[in-house]
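**Q** sharing a sequence plus its predicted fold:
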Amino acid sequence: MRQGDKDITRSDTLFFLAALVALGLWLLAKQPVTAMILLVTVGMLGFIPTIRKSWNRPHTETISTYAINSFRHLLSVAALSHYSILTSLFPAAWGIANGLFVALLLIRRKH
């Protein structure tokens with residue numbers, strides 16, 4: 001961390017604050033579906049700075065890691081015996097997000 005890249009932008013700070021607000025709402029949520037939606041929202045907001053960094057420097061991320069994550073999340077959706085927002089939203093969202101991120105990395109590496 002000391003010698004790492006400290007390219008923190010205003011948008012990174014804004015997404016961090018939005019994630020904190022969503023996390024606070026998640027802790028207060030009494031409805032399971034609302035809590036799940038907020039949980040996924042927090043995760044996706046936290047992923048945006050990685051997307052921004054990788055747009056500019058696509059070779060700094062390992063494609064295989066995100067491809068495997070996409071596969072495992074989508075596989076877990078396929079393995080569900082009962083589909084509902086509560087059981088499928090998290091793995092479906094992350095499976096799709098990781099798959100799209102792999103596509104972004106591949107496209108950006110060609111440019």
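**A** Cool, got the structure. Numbers count the residues shown, from 1 in each chain.

**Q** what about stretch 14-30, average pLDDT?
**A** In this model, stretch 14-30 carries a mean pLDDT of 83.

**Q** state the three-state secondary structure for residue 80.
**A** For residue 80, the assignment made with DSSP: H, G, I helix; E, B strand; the rest coil gives coil.

**Q** show me what contacts it?
**A** When contacts are counted by CB atoms under 8 Å, 6 or more residues apart in numbering, residue 80 is found next to 87, 88. For glycine as for every other residue, the C-beta is placed from the backbone atoms N, C-alpha and C.

**Q** buried stuff in the host helix or strand of residue 26?
**A** With the criterion set as DSSP states H and E, the secondary-structure element containing residue 26 is helix 10-28. Neighbour counts using 16 or more other CB atoms under 10 Å place 15, 19, 22, 23, 26 of helix 10-28 among the buried residues.

**Q** cool, and stretch 26-37?
**A** When neighbours are counted by 16+ other CB under 10 Å, the buried residues of stretch 26-37 are found to be 26, 29, 35, 36, 37.

**Q** go through the residues you listed and name the one nearest residue 76.
**A** Minimum distance to residue 76 across the buried residues of stretch 26-37 is 14.7 Å, recorded for residue 36 (CB to CB).

**Q** test my guess that that closest one contacts residue 86.
**A** Yes: with contact defined as CB atoms under 8 Å, residue 36 reaches residue 86; the gap is 5.5 Å.

**Q** end-to-end on stretch 77-93?
**A** Across stretch 77-93, the terminal residues are separated by 10 Å (CA to CA, to the nearest Å).

**Q** report the buried residues of that stretch.
**A** For stretch 77-93, burial by neighbour count (16+ other CB under 10 Å) applies to 77, 88, 89, 90, 91, 92, 93.

**Q** adding distance to residue 67 and secondary structure, write those out as a markdown table.
**A** Listed next are those as a markdown table, based on distance: CB to CB, whole Å; DSSP: H, G, I helix; E, B strand; the rest coil:
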| residue | distance to residue 67 | secondary structure |
| --- | --- | --- |
| 77 | 16 | helix |
| 88 | 20 | helix |
| 89 | 21 | helix |
| 90 | 19 | helix |
| 91 | 15 | helix |
| 92 | 16 | helix |
| 93 | 17 | helix |
